[in-house]
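Chemist: sequence first, then the predicted structure, then my questions.
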Protein chains: 2
Amino acid sequence: MMNCSKKKWLKAMALGLFLIMFQNSIAQGHPRLVLTQKGVKEIKSKLGKVPLFDESLAVVKKEVDAEIVLGIEVPIPKDFSGGYTHERHKKNWLITQKAGVLFQITGDKKYANYVKDMLMAYTKLYPTLPLHPQERSYARGKLFWQALNDSNWLVYMSQAYDCVYDFIGAKDRALIEKDLFKPYADFISIGSPQFFNRVHNHSTWGNVAVGMIALVMDDDELLDRALNGLKEDNLPPGMKDNDGGLIKKEGQKTGFLANVDEPFSPDGYYNEGPYYQRYAMYPFMVFAEALQNTKPDLKIFEYKNGILNKSIYALLNLTNSSGEFFPLNDGQKGMSYYSRELVSAVDIAYLYGGKDPSLLSIAEKQGRVELDNSGMAVALGIKNNLTKPFIKKSIDLSDGSDGKEGGIAIIRNKIKDDELTLVMKYAAQGSSHGHFDKLSFSYYNNSSEILQDYGLARFVNIEQKGGGNYLKENATWAKQTVAHNTIIQNEISHFEGDFEKGNLYSSKKYLYDVNDPKVQIISATEDNAYPGTKMQRTMVLLETEGFQKPLLLDIFQVDSKTANQYDLPFYYLGQMMTANFKYETPKTLEPLGKAYGYEHLWKEGVGKATSSNTKFSWFHEGSFYTMTSATAANDDLLLVRLGANDPNFNLRRDAGIIIRKKNAKKATFVNVIETHGGYSPVSEIALNATSSIDNLELVLEDEKYVGVTIKNKEGISTLFILATSDNSVTTKHTVEIKGKTYSWTGAHYNAVIE
Amino acid sequence: MMNCSKKKWLKAMALGLFLIMFQNSIAQGHPRLVLTQKGVKEIKSKLGKVPLFDESLAVVKKEVDAEIVLGIEVPIPKDFSGGYTHERHKKNWLITQKAGVLFQITGDKKYANYVKDMLMAYTKLYPTLPLHPQERSYARGKLFWQALNDSNWLVYMSQAYDCVYDFIGAKDRALIEKDLFKPYADFISIGSPQFFNRVHNHSTWGNVAVGMIALVMDDDELLDRALNGLKEDNLPPGMKDNDGGLIKKEGQKTGFLANVDEPFSPDGYYNEGPYYQRYAMYPFMVFAEALQNTKPDLKIFEYKNGILNKSIYALLNLTNSSGEFFPLNDGQKGMSYYSRELVSAVDIAYLYGGKDPSLLSIAEKQGRVELDNSGMAVALGIKNNLTKPFIKKSIDLSDGSDGKEGGIAIIRNKIKDDELTLVMKYAAQGSSHGHFDKLSFSYYNNSSEILQDYGLARFVNIEQKGGGNYLKENATWAKQTVAHNTIIQNEISHFEGDFEKGNLYSSKKYLYDVNDPKVQIISATEDNAYPGTKMQRTMVLLETEGFQKPLLLDIFQVDSKTANQYDLPFYYLGQMMTANFKYETPKTLEPLGKAYGYEHLWKEGVGKATSSNTKFSWFHEGSFYTMTSATAANDDLLLVRLGANDPNFNLRRDAGIIIRKKNAKKATFVNVIETHGGYSPVSEIALNATSSIDNLELVLEDEKYVGVTIKNKEGISTLFILATSDNSVTTKHTVEIKGKTYSWTGAHYNAVIE
């Protein structure tokens, strides 16, 4: 479905391309991609005067100089990621790109010669290469086991070539282009349509690789291919890649522009999640920069309301207080805005996005800049004390190219330096890297995980672990619903774990309201994960009386046509402290189930809720946490530990508690997570180590409302009510609870009532 | 057994005490303990001029001012550690001591009034108190559940009283002494002989508490009781405390001086281990300071060759690169030289130990000083730029009062900022806090644990976890041999886990040689842990060719009269990467055994060594590790995980690998731990991720020698030979290995041989 503004744009775009074809005769020298002749002059004139640029230059020089001493190596491709030949070719692309830049900035010919020799070595090698011997990928490369990495190589090598284009004689250029770059670009596009002609981070790299070399070589045909995809690809719709990801939908547009159009929401959220957004940001931004430098009429940074720059802000907001990305969908924990991709993306967004001074504070933390015009602009801004803090507020990021496929709400409460962050996911499937985790959430105390999202089951680029690639457990555990803090019905994952089914739907926002910083709300619904079952989850980050820190209130309502078993897990980190319910710890451990990830959980403890409030507390990284649950006497409470059916020890031995309601059509889970107190092994003093909740009660639930009271130890109650069938801000409501009447306007109500 | 120099000293001591009795008439004002009239004058004259002192003063002032506003509370005692009344009385002693000091330094009477009011409140409360209602302790207190904490209180409150002694009128003083301090001191001594009259950190606190108040009140009888113990205690030898610790040996000397004599080795190692040494250091040092100020003729800092100051150096050396104490015996991980006890100990050791400028670097890191003469001396030293680095070299600390009961070797290899540290324990039992871990070790990469010592099973002062006291699992797991990286015979702990048996023996040093910083050796023997079985463990921190970082070579030889099963566990931390042997992962988990800690281990994997070298690698905190083991084809390899039979989730779910040799009289375990490479989730580049050892071989073993070769991937072999029956440095040796002859002088030989 294409909306009107997009259609208009595409028309304009087609016209633009037409014009470009005829503008190509305009003389334009080299370099032209991320460096320009004018930019290089400016950089040279400022050398020695702009500290962060000079420092970054010195670091890069040292690194490249050390590599030059070692000489050039282009081994016959053989290994997976993490293996020698893979890492060597990867290092080659990284170093050669830098050497090209150093030649431009310093004028030292040793760098130009290094690039030239490197390119000549590849020119000699490339024509001799068959497909890479490792057969695992759906799109094998030649230098690497997957065409994706071949594309990475070309994105960087194009820049290196651009920097030494004039230095290399026309004869050698002709050879390099004929034997290396042209066949290389053809191979990853025409030769690998299942890779090139899709909407995915893979194809983005492929498109950009072809586009970058097209711009250097002034090759219009290649540029068109990069921007608009292959006209013919003969790919059967429904075809999948080796990770189970869909390759082509019926009628799918392809090429770089389609890869901007589709995966980004209008808020800049990328449907695969922040980990892959980070990975894709480099080609998106560097190609946009190159297009801006070579084809300014394209106005690529204004495309789709300036979506590329917006996406950088989305990405920066998708981080915890240490700058680490929330591991939504497939995401490796620890990846952060300190990565090289974000250094260049922040620099480019600064220069081409209106020089927002708050980006400088991120660049300052990164401590390095790109050695190009954008990096110089950032370093200059910092030098001139323009930096302002980048403040992360609560934000609701829509998903879907039209912004109508759910979203991600990030709700933050920051008091002094202490920040609690709720990340609630009610998004679309998330492409091939999506997880079956509708209405799941994770919860942070600064950068410390309170309740975690497991992330991916992969040790990226660590060869010993399955060649550094996705492990079997990514599909059997990490993607499954039970690996997340959300409801599983009858021990079956959402959409039965079927990508095609999941890809048809998204959750829907019901209410996002953060106007009151003390009562920040996200409520969303999901009606398709289990046909016949409606789910609504309402989460409130609540600052209220009688509690040291804000509470997280979680109301999860399920309503099904049939009676089911509902499991709601909470994957806490750290050391369990106490539980107020009786449980048994089995003498031998057995898996919790047989499929959908249940086979990976050991049943460490089995209990039943014994009072109207179940309490479970733990300690993690200096802080205490207590979950209070308004449970029914019949609820099962399962203490689980990851690690069953894990023959290669690929999974972490993390723990969780599962609240299980059986044989119910309707069920409502009400939980409050308290963050409280602290303990240091140096002082050995435990402060505020126990829960301050005296009672948590579901006081109201009908067709129209759900209401909860939280009573603290001093007897003060906080009431929260959500109108569940009318989210208008103007509707007036009146309800009666325990003989008292409450009236308000808008979708929710809260008050201290005693 | 008393050696000659100690006898002499005791004679001198008796004489000294005699003289003191008659010197007491010498006028001596207040304060006199840690502050003196002269010292206060000096401090006042320097206020505002010595930054670290001023900062420390400001912090303490802020803390005390905040407490004064809250008013005085002396609740009726009720709770265990971590509970309200416990923590309140504890806070009272800490704040009141500080308020006393503030009165002296600032002259502000509000502090004096606070101390006075506090003391009057306790004077009113104390006579009404029965024994504390919690009955768990072998020596219950009145304010606290254990007399130990009552003693803590008195050590601090004596100082507070000293500071306001002149401020309080004679009439109130008489009341305070009659109703509070005298009965208090009598209760923890005469009233609690099983606590007061032993050699233990508990009794040290008791002795010092009585001694401190004795010095304030000029009470010679109390002082004698403090220094020399109770003459009569009617305690049956063999009596034990509630943690199973021995209370009294036959003929045991008691009192403060006995507590200095016996637990400290001549090198300053305290037999309970660094965690309790840290705890005991405060009373040791603060009482020594008070004795030096009031009874300088005693020359307490020269006692036993200056053992008190020496012990501070031992303690500082018993830390990893972050200043955290090695968790030998019962020790809570994370406790460090940043604790308040070490702040005062370092300050006192500086002032009374010759102003060693390297102590200033520790004080700088601590970032605060005591508000007394010693703290002022330290702050002045820092202000005057006298600081020198405190360099931790390899050190061998003897155990036992005569230094002949084994010891602890700490072997360090530091290259630039990277330090590998081996902590090898061949000590005596370690009093009631000792573990059954003869010849065990732990191994660190900077402050990151490579192979861990579990520490204790206790959450100190966290009330939810067993009242903050020792947990059952401390005895069933943490103390047991299988919880350590050492050999267990037939699944039975050393000395059958019997304290009395263990307390009779210590391991023996065979060789400690760190002359060559590249080949640092500790070798020790243990002949009593299993009657009829001789064990020798030789560990070498070895810097040799072809390896990125130093290797840890571990040769563990066992020789028994009978055929046994030998288990050697290695408790690694982090994520298992690969194993080169085949193993099964059971479908249901069962405990590894039934007793001696085996009941707490789940059998996660069961395999057999399939080649002459077993390899097992893991990743932890950015670094890769590989253990290469020269195994026999018959060896069992068990992958274990802690957590079985742990109904209250008191144990961490840590992992280990156990090498098991069955039905053998003699057995030799040869292992090498490699530290290599690195990985960051931000760069996603894995460097040097695999082992560089091509072959590890036991090439020589007979009655006299053991020899090992380590061959790297480039084919270079390093040979290490130890003469196992002659540790003389002058003996000449000749051996033949694989047709080649090697000759050398001294106990060991090493060379690159190919």
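Modeler: On my side now, so go ahead.
Chemist: chain B versus the residue nearest in space to the middle of chain A, what's the distance?
Modeler: Of all residues in chain A, the one closest to the mean position by C-alpha atoms, centre = their mean is A:Pro274, 1.4 Å from it. Applying C-beta to the nearest C-beta, to the nearest Å, the value for A:Pro274 to chain B is 13 Å. From N, CA and C alone the C-beta is placed, and that goes for glycine too.
Chemist: mind checking pLDDT for that residue?
Modeler: With respect to pLDDT, A:Pro274 scores 97.
Chemist: quick one: it and A:Lys333 touch, right?
Modeler: No. Judged on C-beta atoms under 8 Å, A:Pro274 makes no contact with A:Lys333 at a distance of 11.6 Å.
Chemist: partner strands of the longest strand seen in chain A and their direction?
Modeler: As assigned by DSSP state E, the longest strand anywhere in chain A is strand A:655-676. Looking at strand A:655-676 with DSSP bridges, its partner strands are strand A:551-570 (antiparallel), strand A:623-630 (antiparallel), strand A:636-642 (antiparallel).
Chemist: ok now do A:Lys518, which residues does it touch?
Modeler: A:413, A:542-544, A:550 (C-beta atoms under 8 Å, 6 or more residues apart in numbering or on different chains).
Chemist: in JSON lines, list those residues along with secondary structure, pLDDT and neighbour count.
Modeler: Listed next are the contacts of A:Lys518 as JSON lines, based on DSSP: H, G, I helix; E, B strand; the rest coil; pLDDT from 0 to 100; neighbours: other C-beta atoms under 10 Å in any protein chain shown:
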{"residue": "A:Asn413", "secondary structure": "strand", "pLDDT": "98", "neighbour count": "21"}
{"residue": "A:Leu542", "secondary structure": "strand", "pLDDT": "98", "neighbour count": "21"}
{"residue": "A:Glu543", "secondary structure": "coil", "pLDDT": "96", "neighbour count": "17"}
{"residue": "A:Thr544", "secondary structure": "coil", "pLDDT": "93", "neighbour count": "21"}
{"residue": "A:Pro550", "secondary structure": "coil", "pLDDT": "98", "neighbour count": "26"}
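Chemist: which of the residues you listed sit farthest apart?
Modeler: A:Asn413 and A:Thr544 (11.4 Å; C-beta to C-beta).
Chemist: which neighbours do these two share?
Modeler: With C-beta under 8 Å, 6+ apart as the test, A:Asn413 and A:Thr544 both reach A:518, A:550.
Chemist: what is the rounded mean pLDDT of stretch A:347-363?
Modeler: Per-residue scores along stretch A:347-363 average to 97.
Chemist: make that stretch A:521-539, sorry
Modeler: pLDDT averaged over stretch A:521-539 gives 98.
Chemist: got the CA coordinates for it in CSV?
Modeler: The C-alpha trace of stretch A:521-539 is given here as CSV (Å, rounded to 0.1, in the frame of the first residue of the first chain):
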residue,chain,number,x,y,z
ILE,A,521,1.6,5.1,30.2
ILE,A,522,1.8,2.8,27.2
SER,A,523,-1.1,0.5,26.4
ALA,A,524,-1.3,-1.7,23.4
THR,A,525,-3.3,-4.6,22.0
GLU,A,526,-2.6,-7.7,20.1
ASP,A,527,-5.5,-9.7,18.5
ASN,A,528,-3.7,-11.9,16.0
ALA,A,529,-0.9,-13.7,17.8
TYR,A,530,-3.5,-16.3,18.9
PRO,A,531,-6.6,-16.3,16.8
GLY,A,532,-9.6,-15.9,19.0
THR,A,533,-7.6,-14.3,21.8
LYS,A,534,-7.4,-10.6,22.5
MET,A,535,-4.6,-9.3,24.6
GLN,A,536,-4.1,-5.8,26.0
ARG,A,537,-1.0,-4.8,28.0
THR,A,538,-0.9,-1.5,29.9
MET,A,539,2.3,-0.5,31.5
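Chemist: residues of it that come out buried?
Modeler: A:521-530, A:533-539 (16 or more other C-beta atoms under 10 Å in any protein chain shown).
Chemist: go on, stretch A:432-446?
Modeler: Neighbour count says stretch A:432-446 has A:432-445 buried, by 16+ other C-beta under 10 Å.
Chemist: among those, which are located in strands?
Modeler: The members of the buried residues of stretch A:432-446 that map onto strands under DSSP E are A:440-445.
Chemist: neighbours around the residue in the stretch 51-200 of chain A positioned nearest to chain B, how many?
Modeler: Minimum separation of the stretch 51-200 of chain A from chain B (C-beta to the nearest C-beta) falls at A:Gly82, amounting to 5.1 Å. Neighbour count for A:Gly82, taken as other C-beta atoms under 10 Å in any protein chain shown: 24.
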